[in-house]
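S.K.: Fold the following.
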Amino acid sequence: MRAAAARCTGIRAAHPHNAAAVRRRWRRMRYHTHTDGPTHRPVDVERTVIAAHGRDRHEAGHVALNDVRATTAVGSPAIDPALRRPASRDHAVTVPAGSAELTGRLAVPVAARGVVLLTGDRDWQDSAAALHRAGLGTLTLSLWQAGRPAERRNVFDVVMLARRLGAACDWLRERTGLPVGCAADGTSAAAALEAAAEHDTLRAVVSVSGRPGLARPSALARVSVPVLLVIGDLDQPLLSRNRLAADWLRCPHRVVEIPGVADPVSSDAALHHVLWLTTDWFTDHVAGRA
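M.R.: As a prediction, the model looks like this:
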């Protein structure tokens, strides 16, 4: 019996889904040419394998220039326990942005090493919780003034939204004294990139189902901070627009395509991986690894 158990243990240890193979990464460089944008740029290419639970123990994806498939495994790598800190209770704030007054909620964990502005139409509650666990503060903010329905008519006024977002980032930097990143969706993602081109306050930008193509090409070309674009592969029109926008970026950037979904946060598995990607991006580029 003991010998049989030992043989079974050996088989499990040799299985490719062993915990020792939870995560493997390798990188190489490629060049991409597009007739409408900058040409022959080196771009980071990454392949990631992440373990999952259940019958399908893992599924592999790859991250490549403008053609990226990220793994939607149920079990993404856990946040480093050393980075887990209790979050302070969030509280309502009013942020001056030119003639506008924007409302939001600010939460900064003890000993936070950075803070992320979360803006757009989606619910950022899960993202905020993940960022807090990683030792990052958050400001969840609407770029439209509360109680003024007519404001929504300006949803495509990216330049105006960028001015407000840039003012909010400056306010956040002054209020907390911490480096600032921004995560956004929809037209707010285009505003974040426009703001990144004009303000040196922003350290990194993440777009989740965003519309970066609404930003001016001249602004995209001036962005110097790292940019992460996350899109579901079933939304082909939006995916194509994100790829075209990425062609204008000259900064370090990744376009991550989540397979099998139109909205990257429409399933628990996809949401889990998006949270991991976002937290990892801001930990690297806003807080800096400890």
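S.K.: drop to CA atoms for contacts and neighbour counts, all remaining ones
M.R.: Noted.
S.K.: mind listing what's buried in stretch 208-220?
M.R.: 208, 209, 210, 211, 212, 213, 214, 215, 216, 217, 219, 220 (16 or more other Cα atoms under 10 Å).
S.K.: Just the mean pLDDT for it, thanks.
M.R.: What stretch 208-220 shows for mean pLDDT is 96.
S.K.: follow-up on the earlier one: show me the buried residues of stretch 208-220 that map onto strands.
M.R.: 208, 209, 210 (DSSP state E).
S.K.: ok, these vs residue 284, which is closest?
M.R.: residue 208 (17.8 Å; Cα to Cα).
S.K.: Tell me the spacing between the closest one and residue 110.
M.R.: 27 Å (Cα to Cα, to the nearest Å).
S.K.: Identify the bridge partners of residue 204.
M.R.: residue 181 (DSSP bridges).
S.K.: That one: how many residues sit nearby?
M.R.: 27 (other Cα atoms under 10 Å).
S.K.: Closest one of the ones in strands among the buried residues of stretch 208-220 to residue 254?
M.R.: residue 208 (12.1 Å).
S.K.: circling back to that earlier point, take the ones in strands among the buried residues of stretch 208-220 and lay them out in TSV including distance to residue 288.
M.R.: As requested, those are exported to TSV (distance: Cα to Cα, whole Å):
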residue	distance to residue 288
208	22
209	25
210	25
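S.K.: closest to residue 135 among those?
M.R.: Out of these, the member with the shortest distance to residue 135 (by Cα to Cα) is residue 208, at 21.1 Å.
S.K.: what sits against the closest one?
M.R.: By Cα atoms under 8 Å, 6 or more residues apart in numbering, the contact set of residue 208 is 183, 184, 185, 186, 189, 229, 230, 231, 264.
S.K.: For this protein, just list every one of the strands.
M.R.: Secondary structure of the chain (DSSP E): strands at 23-32, 41-51, 58-63, 91-97, 100-107, 115-119, 137-141, 180-185, 202-210, 227-232, 253-258.
S.K.: list the buried ones in the fifth one?
M.R.: I take that to be strand 100-107. Neighbour counts over strand 100-107 (16+ other Cα under 10 Å) mark 101, 102, 103, 104, 105, 106, 107 as buried.
S.K.: Show me what that strand packs onto, helices and strands only.
M.R.: Judged by 3 or more Cα pairs under 8 Å, 6 or more residues apart in numbering; DSSP states H and E, strand 100-107 is in contact with strand 91-97, strand 137-141.
S.K.: Report the inter-axis angle for the first one versus strand 137-141.
M.R.: Looking back up the chat, that one is strand 91-97. On the basis of axes from the mean of the first three to the mean of the last three Cα atoms, to 10 degrees, strand 91-97 is oriented at 70 degrees to strand 137-141.
S.K.: Quickly run through the sheet partners of strand 91-97, with directions.
M.R.: Partners of strand 91-97 in the sheet, by DSSP bridges, are strand 100-107 (antiparallel).
S.K.: what's the average pLDDT for the strand it pairs with?
M.R.: Rounded mean pLDDT across strand 100-107 is 93.
S.K.: Next: stretch 148-158.
M.R.: On average, stretch 148-158 scores 75.
S.K.: can you list contacts of that stretch?
M.R.: Stretch 148-158 has contacts (Cα under 8 Å, 6+ apart) with 144, 145, 187, 188, 190, 191, 194, 214, 215.
S.K.: pLDDT weak spots in the stretch 1-150 of the chain?
M.R.: Along the stretch 1-150 of the chain, the parts satisfying pLDDT under 70 run over 1-88, 147, 150.
S.K.: Before I go, just wanted to say thanks for your time.
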